[in-house]
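[1] the following comprises the amino acid sequence and a computationally predicted model.
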There are 2 protein chains.
Amino acid sequence: MTLDARSTDDTARDVRVSDLDRDRTPPKHDARWTLGFSRTDAAEDLDARGRHLTYGARETILDEGDPARTVNRILEGAVMLSKLLPDGRRQIIELLGPGDVFGITTTRAYDVSVEALTPVRLVAYERSVVETNPALQAMVTNSLRAQMCALHDHAVLLGRKSAIERVATFLMRLVPNRGGEGCAGPGRGVARDQVNVKVPLTRQEIADYLGLTLETVSRAFSHLKRDGLLVYGRHDEVMISNVCKLCRATGSH
Amino acid sequence: MTLDARSTDDTARDVRVSDLDRDRTPPKHDARWTLGFSRTDAAEDLDARGRHLTYGARETILDEGDPARTVNRILEGAVMLSKLLPDGRRQIIELLGPGDVFGITTTRAYDVSVEALTPVRLVAYERSVVETNPALQAMVTNSLRAQMCALHDHAVLLGRKSAIERVATFLMRLVPNRGGEGCAGPGRGVARDQVNVKVPLTRQEIADYLGLTLETVSRAFSHLKRDGLLVYGRHDEVMISNVCKLCRATGSH
DNA sequence: GGCCGTCATTGATCGAGGTCAATGGCTCCC
DNA sequence: GGGAGCCATTGACCTCGATCAATGACGGCC
């Protein structure tokens, strides 16, 4: 699942660890998006127990410190979780897509802020509803599991990777079905191992996600371009001209 | 709950976010440690469903990449989760204490290695047992929730904090009941706001946890000592001479 | 079309933290 | 007691990424 949520299709299941590609429960939650498939009764039931909400891109969904009244599940779109230090330094903690759950804490207040990266549709469940519904709990736990693994990877990135490795890792996350365990490689008979990805974050946001400054991110992009791994036109769209080579630049493989 | 697991007592419950202080289910899982309290039937039942194991300090409990057969709950002691990059760079992801659960993944292999920091007692449940037992699942979810919040905080540390702030934050985590939300301050009538903490990690381990080098950690310790926030004798024991001041040096408050 | 605001790129310089290396202190063991 | 093996500390130097600053590219709007 890439950030722009283009995969409302149900194909391309695989075992990659890529953090945004983890809608174990495929995001078919609304008749408009089911493409003729019917949802299970369970899914219908779950949808009915929460409020459906929509947000525009860059809209704040919830704020760090607010009372944690609801648990939210993304149906469509992408959001970012972030935290601020008192002096204004920001860290973007995680990027979430369809199927992911956010708004979980141990305290009674949200521990992160959540902002829409793209237009977002979600279901908001009251905390009490989640606490009494086993199916919802299972869903929450699954998403938590996946987010946990993603955070483990991200800790390695933040603690131990160079600027270029960070940016390469970030870009690889935007490529569906590549870079994870069991990555199939370019595929048979593919002449050029290239792919276009949409980058739905500004340089500043990427920087805050990767623990860098926007200038360093920009320089890393330029560097990768100079080395022939990247080509790009519009600055929110990148063509990765050699996915395998980019993958090797992540430091993870 | 501090790392050395000294708090088998059941007092000192509070609302701090401190990551190692989260044994919501107090670690009274063995007659020797219950100090006369009787466990609930549920706890007895859960204990019976897993294998009890013990490990010595620095012993490897499980390895990144191994098939994820069991889910483990710490009864006593402290462990560290870590990941390695292929070239040997290591990131210590998280420190866990009594009540915490580890060995959860989305894939069929463990995504982190786990090593004992102190002598450890734990219960290992087969994955299938956890999947079919609601009480165990609830426990797992609770621990996941807490670990998630801890990882969010740690991402801020790794992405945005200076070396001194990182070390100060690390040290504050070792102080029970301080530094979290609702921190009571030094307490009434306390003459000197000081406390002794045991540091169960080597400088190299602290460095790998904080995304620094061991030299930088050492220099940060010296710096804090020079500034009068720290006094220490044996290098695995530190006296924090002004907890509030150290807390302010974390950058978080 | 021309102006303005936002975001990205690029260059010059600086500094925090990494790297390399020497020294010190503690513990264990013979 | 003395030596070996860790681990920690400290110093000298260097490098990567941050900071400061100028310029460029794009899009929206009058």
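    Thanks, I have it. All values derive from a computational prediction rather than experimental measurement. Numbering: from 1, shown residues only, chains lettered A, B, ... in the order given.

[2] only C-alpha atoms from now on, for both contacts and neighbour counts.
    Will do.

[3] nearest residue to residue A:136 in space, please, no chain neighbours.
    residue A:130 (5.6 Å; Cα to Cα, 6 or more residues apart in numbering or on different chains).

[4] how about residue A:154?
    Nearest to residue A:154 is residue B:155, by Cα to Cα, 6+ apart, at 7.8 Å.

[5] show me where pLDDT drops low in chain A?
    For chain A, the stretches with pLDDT under 70 are A:1-46, A:180-191.

[6] domains for it, by residue range?
    A:31-160, A:163-248 (automatic domain parsing).

[7] which helix or which strand is home to the residue nearest to residue A:154?
    Assigned by DSSP states H and E, residue B:155 belongs to helix B:134-160.

[8] show residues contacting whichever strand or helix holds residue A:75.
    Assigned by DSSP H and E, residue A:75 belongs to strand A:70-76. By Cα atoms under 8 Å, 6 or more residues apart in numbering or on different chains, the list of residues contacting strand A:70-76 from outside reads A:5, A:27-29, A:97-104, A:119-127, A:130.

[9] how far does that strand sit from its chain's centre?
    Distance of strand A:70-76 from its chain centroid, counting by Cα atoms, centre = their mean, to the nearest Å, is 13 Å.

[10] wait, residue A:79 sits on residue A:95?
    Yes. The criterion here is Cα atoms under 8 Å, and residue A:79 meets it with residue A:95 at 5.9 Å.

[11] those two - which one has more neighbours?
    A count of neighbours by other Cα atoms under 10 Å in any protein chain shown puts residue A:79 above the other of residue A:79 and residue A:95, at 27 against 21.

[12] the nearest residue to that one once chain neighbours are set aside: neighbour count?
    Nearest residue to residue A:79, sequence neighbours excluded (Cα to Cα, 6+ apart): residue A:116, at 4.3 Å. Neighbour count for residue A:116, taken as other Cα under 10 Å: 23.

[13] with residue A:162 instead?
    Residue A:162: 14 neighbours (other Cα under 10 Å).

[14] just the one 10 residues further on next, same as before
    Counted by other Cα under 10 Å, the residues lying close to residue A:172 total 23.

[15] output the contacting helices and strands for the one helix or strand it maps to.
    Remark: residue A:172 resides in helix A:163-173, with elements defined by DSSP H and E. Helix A:163-173 sits against helix A:203-210, helix A:214-226, helix A:243-248, with contacts defined as 3 or more Cα pairs under 8 Å, 6 or more residues apart in numbering or on different chains; DSSP states H and E.

[16] comparing those helices, which comes out most buried?
    Sort the helices and strands packed on helix A:163-173 by mean neighbour count, taking mean count of other Cα atoms under 10 Å in any protein chain shown, and helix A:203-210 sits at the top with a mean of 22.

[17] hmm, it touching DNA strand C?
    Yes. Using Cα under 7 Å from any atom of the strand, helix A:203-210 comes into contact with DNA strand C via A:203, A:204.

[18] need the contact list for residue A:166.
    A:157, A:158, A:210, A:250.

[19] spell out which residues of the stretch 51-200 of chain A are next to DNA strand D.
    So far as Cα under 7 Å from any atom of the strand goes, the stretch 51-200 of chain A lies against DNA strand D at A:161, A:162, A:163, A:164.

[20] correct me, but the third one touches residue A:221?
    Yep, that's residue A:163 we're talking about. No. The criterion here is Cα under 8 Å, and residue A:163 misses it with residue A:221 at 10.1 Å.

[21] of the contacts of strand A:70-76, which belong to helices?
    A:127, A:130 (DSSP state H).

[22] now the buried members of the contacts of strand A:70-76.
    A:5, A:27-29, A:97-104, A:119-126, A:130 (16 or more other Cα atoms under 10 Å in any protein chain shown).

[23] keep only these that also lie close to DNA strand C.
    Answer for the buried ones among the contacts of strand A:70-76 near DNA strand C: none qualify (Cα under 7 Å from any atom of the strand).

[24] strands - which of these land there?
    Among the buried ones among the contacts of strand A:70-76, DSSP state E puts A:101, A:102, A:120, A:121, A:122, A:123, A:124, A:125, A:126 in strands.

[25] what comes up buried for stretch A:78-97?
    A:78-84, A:90-97.

[26] among these, which lie within strands?
    If you go by DSSP E, those have A:79-84, A:90-96 in strands.

[27] now for those: which two are most distant?
    Largest separation among those by Cα to Cα: A:84 and A:96, giving 18.3 Å.

[28] which non-adjacent residue is nearest the residue in the stretch 51-200 of chain A that chain B sits nearest to?
    The stretch 51-200 of chain A approaches chain B most closely through residue A:159 (4.1 Å), counting by Cα to the nearest Cα. In space, and not counting its chain neighbours, residue A:159 is closest to residue B:211: 4.1 Å by Cα to Cα, 6+ apart.

[29] so residue A:151 touches residue B:151, yeah?
    Yes. Between residue A:151 and residue B:151 there is a contact at 6.8 Å, judged by Cα under 8 Å.

[30] how much space is there between the residue nearest to residue A:136 and DNA strand D?
    Look at residue A:130 and DNA strand D: by Cα to the nearest atom of the strand, to the nearest Å, they are 39 Å apart.

[31] which residues touch stretch A:236-247?
    A:168-169, A:172, A:179, A:185-186, A:192-202, A:228-232, A:253.

[32] among the residues you listed, name the buried ones.
    Buried among those (16+ other Cα under 10 Å): A:168, A:169, A:172, A:179, A:194, A:197, A:198, A:199, A:200, A:229, A:230, A:231.

[33] a markdown table for these, including secondary structure?
    Formatted as a markdown table, these follow (DSSP: H, G, I helix; E, B strand; the rest coil):
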| residue | secondary structure |
| --- | --- |
| A:168 | helix |
| A:169 | helix |
| A:172 | helix |
| A:179 | coil |
| A:194 | coil |
| A:197 | strand |
| A:198 | strand |
| A:199 | coil |
| A:200 | coil |
| A:229 | coil |
| A:230 | strand |
| A:231 | strand |
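
[34] which among those residues gets closest to residue B:68?
    The closest of the buried ones among the contacts of stretch A:236-247 to residue B:68 turns out to be residue A:179 (Cα to Cα; 21.1 Å).

[35] I'd say that closest one and residue A:171 touch.
    No. Between residue A:179 and residue A:171 there is no contact under Cα under 8 Å: 10.3 Å.

[36] got the residues of the stretch 101-250 of chain A near chain B?
    Residues of the stretch 101-250 of chain A lying close to chain B (Cα under 8 Å from any Cα of the partner chain) are A:104-107, A:111-112, A:141-142, A:144-149, A:151-152, A:154-156, A:158-160, A:208, A:210-212.

[37] what residues are up against the closest residue to residue A:225 other than its chain neighbours?
    Closest residue in space to residue A:225, ignoring its immediate chain neighbours: residue A:231 at 5.8 Å, by Cα to Cα, 6+ apart. For residue A:231, the contact set (Cα under 8 Å, 6+ apart) comprises A:225, A:238, A:239, A:240, A:241.
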